[in-house]
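Colleague: need a 3D model of the following:
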Amino acid sequence: QVQLVESGGGLVQPGGSLRLSCAASGSIFRIGAMGWYRQTPGKRRELVAAITSVHGTNYADSVKGRFTISRDNAKNTVYLQMNSLRPEDTAVYYCNADIATSRLEHGMDYWGKGTLVTVSS
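Modeller: Presented below is the predicted three-dimensional model:
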């Protein structure tokens with residue numbers, strides 16, 4: 001089985017920074033794109049940032065210039081550095097990864113359980 005485990009969430013003041021981490025473990029043959037999504041009550045989950053296996057990146061307009069996504073392929077880990085945080089960034093942040101467990105199969109979407117980020121004074 002494959003697991004994604006997020007860490008690094010918490011309470012931070014507006015203007016502050018947090019770094020989220022997400023480590024994939026289990027029976028992994030290949031990891032494709034990885035990403036971070038967020039969700040607030042009553043709203044759909046939205047893409048925050050994504051990164052391909054060759055480090056191509058994509059960001060939501062609302063976080064461009066403030067958030068940076070990166071990955072360490074040797075550690076099967078993706079990171080999200082969040083700077084200049086705003087109250088509207090408050091959400092549960094979910095890690096997502098496209099993972100194949102053998103060379104014979106296509107990748108499947110896996111999700112972490114989420115980590116809460118609260119931006120408040």
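
Colleague: mind listing the residues bridging to the spatially most central residue of the chain?
Modeller: Centroid-nearest residue in the chain, with CA atoms, centre = their mean: Trp36, separated by 2.7 Å. Beta bridges link Trp36 to Ala49, Cys95 when assigned by DSSP bridges.

Colleague: pretty sure it sits against Ile51.
Modeller: No. Trp36 is not in contact with Ile51 according to CB atoms under 8 Å; the separation is 9.1 Å. C-beta coordinates here come from the backbone N, C-alpha and C atoms, glycine included.

Colleague: so what sits against both of those two?
Modeller: Ile69, Val78 (CB atoms under 8 Å, 6 or more residues apart in numbering).

Colleague: gap between stretch 49-60 and the chain center?
Modeller: 11 Å (CA atoms, centre = their mean, to the nearest Å).

Colleague: so Thr118 lies in a helix, does it not?
Modeller: No. Using DSSP: H, G, I helix; E, B strand; the rest coil, the secondary structure at Thr118 is strand, not a helix.

Colleague: residue contacts, it?
Modeller: Gly10, Leu11, Val12, Thr90.

Colleague: what of Gln39?
Modeller: By CB under 8 Å, 6+ apart, the residues touching Gln39 are Arg45, Glu46, Ala91, Val92, Tyr94, Gly114.

Colleague: for ChimeraX, write a command that selects the buried ones of those residues.
Modeller: Filtering these down to the buried ones (16 or more other CB atoms under 10 Å) takes a single ChimeraX command:
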select :91,92,94,114
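
Colleague: possible to save the contacts of Gln39 as CSV with secondary structure and pLDDT?
Modeller: Converted to CSV, the contacts of Gln39 look like this (DSSP: H, G, I helix; E, B strand; the rest coil; pLDDT from 0 to 100):
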residue, secondary structure, pLDDT
Arg45, coil, 97
Glu46, strand, 98
Ala91, strand, 98
Val92, strand, 98
Tyr94, strand, 98
Gly114, coil, 97
